[in-house]
Structures are given as C-alpha cells and as structure tokens.
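# okay, predicted coordinates and the sequence, questions at the end:
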Amino acid sequence: MIEFRSVSYAFEDVPVLEELSLVIDDGQFVVLAGANGSGKTTLLRHSNGLLSPDEGTVLVDDRPVCDDLIAARSSIGMVFQHPRDQFVAATIGADVAFGPENLGLPREEIDRRVATSLEAVNMAGRDDERIAALSGGEQARVAIAGALAMEPTHLVLDEPFTGLDDPARRSVLGRLESLSANGTGVVLATHDLRDVFDLADRVIAMDDGRIVADAPPDRVRDRLEDVPVRVP
C-alpha cells in the first residue's frame with residue numbers, strides 16, 4: 001500500500017502539491033491522469049523517496065519512506081518517462097541485475113530475478129544484447145524488467161508511452177496488463193487515457209497539485225470534462 005498523508009511540496013517556492021492525501025491499495029491498476037505540470041510526476045517521485053515532502057508523510061506498507069529508503073525502493077518499482085535516463089549498464093542483463101546486486105543478494109538469487117523479470121517482458125535469453133541497439137519499445141520493456149527485478153508490490157510508470165510507435169505501445173500495454181492480472185499493482189501517470197482507460201480499476205485525476213476526481217472508469221468520465229486530458 002502507498003499512502004500520502006497531507007503532503008505538500010514546493011519547487012523554488014512554487015507550490016506543486018498542496019495538502020494531498022491519497023491511499024493506493026495493493027493489486028490495483030491505477031491511472032493517474034493530468035496535464036503536464038499538474039503534479040503527477042512530483043507525486044510519484046515521493047513514493048520511493050526521490051523527493052521528500054515539505055510537509056506531510058508518505059508511507060509504503062505502513063512505513064514512512066524517509067525511515068527506510070531501501071525498503072521503499074524495493075517495494076516501489078519506478079519506470080521513468082524516458083527509460084534511457086535510468087539505465088546504468090551497457091547490456092540488458094547487467095542493467096536488470098543492478099538493483100538486486102545493490103541489495104547484496106546472492107548471485108543465484110540475482111540470476112533468478114533477472115531471468116524471471118526478462119521473461120515477464122518477453123525478452124528472455126537476451127541478456128547480452130546492448131541496450132543502445134534496442135528499439136524504443138524494447139528499451140521500455142527493459143526498464144520495466146529492471147523495476148520488476150526488485151520484486152516490488154507496485155510498478156510505477158511516468159508517461160511510459162512517450163515516443164513509442166503503435167506496435168511498441170501495444171507491446172508495453174500487453175506486459176502491463178499481464179503483470180496486473182498476476183497481482184502486481186500498477187500506477188501509471190499519463191495525460192492520454194485512450195490506451196489505458198479500460199485497463200484501470202481506478203482513475204485519479206490531478207489538476208494544479210490537487211486531486212479533482214477519483215473513481216472507477218465507468219464513474220469518472222463525466223468528471224474529466226474540465227481536466228485537460230485525452231479520454232477515449
């Protein structure tokens with residue numbers, strides 16, 4: 001579970017989040033909708049300690065993120081808008097292994113996690129391929145595999161379809177749908193809901209650092225009319 005309790009955050013004295021409270025349960029597929037600048041990315045970066053609130057508290061599995069960053073980052077797998085920004089190694093296998101290695105896990109367990117994670121994104125057996133030679137969709141899937149190797153309770157993705165062509169987008173969507181069906185919580189931030197609206201258990205809309213709608217897809221559509229997002 002991810003919980004935000006009265007979280008406020010400002011960047012250079014400009015408020016980005018204002019007394020925001022929210023609970024995201026395990027196993028849900030949540031779409032976090034909002035225009036660029038609405039506060040989506042800032043909110044997500046608080047979930048694993050990349051940012052710290054000016055006021056309020058963020059908890060993961062009932063534990064404040066600030067008390068144990070390693071635990072939070074093990075539970076929250078983060079995939080950035082541009083996957084290349086998070087790669088730390090030249091090859092697929094080495095990059096996916098990086099997180100588990102930093103947990104100090106035995107080699108056998110690291111290898112198991114790498115193999116399982118690559119299989120989950122349909123890239124099994126490609127450990128030695130160079131990331132720079134991959135397509136955009138393949139790079140996105142490697143980024144997801146790297147997050148999954150931490151065996152998180154939630155996979156958090158920030159605008160994951162940016163720059164992807166239609167086949168790549170559908171490939172990533174298929175992986176997310178499969179992961180969700182197998183119990184991994186998914187939190188996906190986007191300004192374009194057309195591909196993910198029907199996959200969502202819950203749509204949370206943000207505008208100007210506040211939550212303006214929070215409901216299942218069949219009950220939230222009318223409440224999105226004043227939010228600058230693309231709805232199917």
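Now that the structure is in, tell me what you want to look at. Residues are numbered from 1 along each chain as shown.
# going by C-alpha atoms from here, please, whenever you check contacts or count neighbours.
Noted.
# contacts for stretch 147-159?
With contact meaning C-alpha atoms under 8 Å, 6 or more residues apart in numbering, stretch 147-159 is reached by 26-27, 41, 44, 74-81, 96-97, 99-100, 113-114, 116-117, 184-191.
# so where do the strands sit in this structure?
2-11, 14-24, 29-33, 55-60, 63-64, 76-79, 154-158, 185-190, 202-207, 210-215 (DSSP state E).
# can you put those strands in TSV and add distance to residue 228?
Putting the strands of the chain into TSV (distance: least, C-alpha to C-alpha, whole Å) gives the following:
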stretch	distance to residue 228
strand 2-11	22
strand 14-24	17
strand 29-33	9
strand 55-60	27
strand 63-64	32
strand 76-79	23
strand 154-158	17
strand 185-190	11
strand 202-207	8
strand 210-215	12
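# between the ones you listed, which one is closest to residue 140.
strand 76-79 (8.2 Å; C-alpha to C-alpha).
# surely residue 188 touches residue 30?
Yes - in this structure, residue 188 is within contact of residue 30 by C-alpha atoms under 8 Å, at 6.3 Å.
# now stretch 202-215, how far from the centre of its chain.
17 Å (C-alpha atoms, centre = their mean, to the nearest Å).
# what are the bridge partners for the residue most central in space within the chain, then?
For the chain, the residue nearest the mean C-alpha position is residue 156 (1.4 Å; C-alpha atoms, centre = their mean). Residues in a beta bridge with residue 156, per DSSP bridges, are residue 78, residue 187.
# which residues touch stretch 218-232?
Contact with stretch 218-232 is made by 33-35, 191-195, 197, 203, 205-207, 213-214, as judged by C-alpha under 8 Å, 6+ apart.
# before we move on, the earlier item: what distance do you get for the residue nearest to the centre of the chain to residue 14?
Note on residue 156: its distance to residue 14, by C-alpha to C-alpha, to the nearest Å, is 25 Å.
# before we move on, the earlier item: of the contacts of stretch 218-232, closest to residue 130?
So of the contacts of stretch 218-232, ranked by how close each gets to residue 130 (C-alpha to C-alpha), first place is residue 195, at 29.2 Å.
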